[in-house]
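> Build me a model:
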Amino acid sequence: MLLTSLLGAFVFLFFLPVDYFDSGQSICLSILLFDLECLGCGLTRATMHLMHLDFTGAWEFNKLSYIILPLGILLWVHLFGVLIKKSFFSIFKRFY
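Numbers count the residues shown, from 1 in each chain. I've put the predicted structure just below:
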């Protein structure tokens, strides 16, 4: 069930327009309380731009997305392997 939700979320986000999250009020507490950006600020927007192959837009929003998205894809592949009872990446077995 969790894997289906995660894969469904990825597919849903992929079919949204690339600039869907670009406008609007930030919900980050760091910005709302202290007017300072944290390390995670812009990560969702950057990941959306990176998923749509907008590399410069992703870089401008958050440089960390270049690490987070590939790790997330590897984790999704691993979870799919757990679901079908075939291990693709044994390195993730350390965490459970």
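> For the helix or strand of the chain with the lowest mean pLDDT, which helices and strands make contact with it?
The weakest-scoring helix or strand in the chain, judged by mean pLDDT, DSSP states H and E, is helix 2-15 (a mean of 73). Helices and strands touching helix 2-15, by 3 or more Cβ pairs under 8 Å, 6 or more residues apart in numbering; DSSP states H and E, are helix 43-51, helix 65-83. To be clear about C-beta, it is placed using only N, CA and C from the backbone, and glycine gets the same treatment.
> Compute the distance between L83 and I68, please.
Plainly put, L83 is 22 Å away from I68 if you go by Cβ to Cβ, to the nearest Å.
> ok, these two, which is more surrounded?
When L83 and I68 are compared for neighbours, I68 comes out ahead with 16 against 13, by other Cβ atoms under 10 Å.
> Show the contacting residues for the more buried one.
By Cβ atoms under 8 Å, 6 or more residues apart in numbering, the residues touching I68 are 43, 47.
> Next: G72.
T47.
> now it: how far from L36?
G72 is 26 Å from L36, where distance means Cβ to Cβ.
> same question, D22
Note on D22: its distance to L36, by Cβ to Cβ, is 20 Å.
> which of the two has more neighbours?
Set side by side, D22 and L36 show more neighbours around D22, with 13 against 9, by other Cβ under 10 Å.
> circling back: and the helix or strand just after the least confident helix or strand of the chain, how far out from the chain's middle?
Heading C-terminal from helix 2-15, the first helix or strand you meet, by DSSP states H and E, is helix 29-34. Computed by Cα atoms, centre = their mean, to the nearest Å, the chain-centroid distance of helix 29-34 equals 22 Å.
> List the buried residues of helix 29-34.
By neighbour count with 16 or more other Cβ atoms under 10 Å, helix 29-34 contains no buried residues.
> when you give positions from now on, start the count at 427
Will do, 427 is the new start, and the previous item becomes helix 455-460.
> For it, enumerate the helices and strands it packs against.
Helices and strands touching helix 455-460, by 3+ Cβ pairs under 8 Å, 6+ apart: there are none.
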